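Participant: with the sequence up front, the predicted model follows.
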Amino acid sequence: MLLQPRGAADTAIEFGMKLTYFAFVIDYLSRLSLARPRGRWFVRHLFDLAIVALPFLRPLRLLSLAVVVKVLQRAVGQSIRGRVIVYTACGATVIIYAAALAILEVERGNPDAKIANFGDAVWWAITTVTTVGYGEFFPVTFQGRMVAVALMIGGISLVGVVTATLASWIIQRVAEEDTASQAATVAHVEQLRAEVRQLREALEGGGTLDRSTPMP
């Protein structure tokens with residue numbers, strides 16, 4: 001049996017899922033009604049139509065996460081870094097969930113199994129994908145170890161993506177600050193050149209320096 005929320009938690013989660021779904025349906029219908037030409041827009045957005053139809057395709061209920069991905073993707077706009085973060089977070093969620101189901105399926109029939117319920121499976125998947133590995137839960141079957149190997153590879157890949165995204169953000173911030181500093185330096189140098197030019201003209205013409213240019 002999988003761990004299922006009960007009571008108020010179950011109601012809140014179900015309400016949130018339905019609210020998100022109906023918001024996406026309204027958004028899809030609104031964009032379809034405003035699109036010109038409508039037929040071409042419909043053909044180019046078949047993925048959106050599939051998401052709208054998902055509640056009627058019960059075997060594909062797990063793919064309803066695509067609704068959340070679509071909403072988050074629209075929230076981050078055209079930012080490549082934002083999209084990478086969204087895809088990484090959603091990918092990590094799917095990997096953890098799938099690995100937890102797989103490890104529970106292959107382990108719970110073994111009398112020496114350390115992973116006996118869905119909660120233990122999720123905890124094991126999280127500690128494995130993050131490369132922490134506390135060690136209190138581990139697979140004892142060959143199939144379980146193969147699942148662990150696949151999850152470790154996925155975890156290393158996810159850590160690499162997160163690290164690369166963070167590094168690119170830091171590099172961009174440093175580059176922006178460096179550009180601003182260079183612009184200020186260039187402006188100051190141009191001001192000094194203007195003042196030197198005025199001094200040279202004043203000395204050559206025997207005139208006086210124009211005091212309207214502020215001194216640094």
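Facilitator: Nice, I can see it. Residues are numbered from 1 along each chain as shown.
Participant: show me the contact partners of stretch 178-187.
Facilitator: Where contact means C-beta atoms under 8 Å, 6 or more residues apart in numbering, no residue beyond stretch 178-187 reaches it. Backbone N, C-alpha and C define where each C-beta goes, glycine included.
Participant: ok, now stretch 139-156?
Facilitator: 95, 99, 102-103, 106-107, 110, 112-115, 125, 128-131, 138.
Participant: do the same with stretch 119-127
Facilitator: Residues contacting stretch 119-127 (C-beta under 8 Å, 6+ apart): 3, 95-97, 99-101, 103-104, 107, 114-115, 133-134, 137-138, 151.
Participant: how close does residue 43 get to residue 27?
Facilitator: Going from residue 43 to residue 27 by C-beta to C-beta, to the nearest Å gives 18 Å.
Participant: now do residue 146
Facilitator: On the measure of C-beta to C-beta, residue 146 and residue 27 end up 41 Å apart.
Participant: if we can go back for a sec, neighbour count for residue 43 and residue 27, which is higher?
Facilitator: Neighbours per residue, other C-beta atoms under 10 Å: of residue 43 and residue 27, the larger number sits with residue 27, 15 against 10.
Participant: and that one, what does it touch?
Facilitator: Contact criterion C-beta under 8 Å, 6+ apart gives no residues in contact with residue 27.
Participant: try residue 114
Facilitator: Each residue near residue 114 by C-beta under 8 Å, 6+ apart is listed here: 107, 120, 136, 137, 138, 139, 140.
Participant: just these: which has the poorest pLDDT?
Facilitator: Lowest pLDDT within the contacts of residue 114 is found at residue 136 (80).
Participant: ignoring the adjacent residues along the chain, who's closest to that residue?
Facilitator: Distances taken as C-beta to C-beta, 6 or more residues apart in numbering put residue 114 closest to residue 136, at 7.4 Å, once the chain neighbours are dropped.
Participant: any idea how far the helix or strand hosting residue 155 is from the chain center?
Facilitator: Assessed by DSSP states H and E, residue 155 sits inside helix 142-205. Put simply, helix 142-205 sits 21 Å off its chain's centre (C-alpha atoms, centre = their mean, to the nearest Å).
Participant: okay, domains of this protein per the record?
Facilitator: 13-66, 78-186 (automatic domain parsing).
Participant: mean neighbour count, those: which tops it?
Facilitator: domain 78-186 (a mean of 15; mean count of other C-beta atoms under 10 Å).
Participant: any chance of CSV for the contacts of residue 114, columns secondary structure and distance to residue 191?
Facilitator: As requested, these are exported to CSV (DSSP: H, G, I helix; E, B strand; the rest coil; distance: C-beta to C-beta, whole Å):
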residue, secondary structure, distance to residue 191
107, helix, 73
120, helix, 68
136, coil, 67
137, coil, 67
138, coil, 68
139, coil, 69
140, coil, 74
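Participant: among those residues, which two are most distant?
Facilitator: 107 and 136 (14.0 Å; C-beta to C-beta).
Participant: quick one: least confident helix or strand in this structure?
Facilitator: In the chain, no helix or strand scores lower on mean pLDDT, DSSP states H and E than helix 65-76, which sits at a mean of 59.
Participant: alright, I will stop here.
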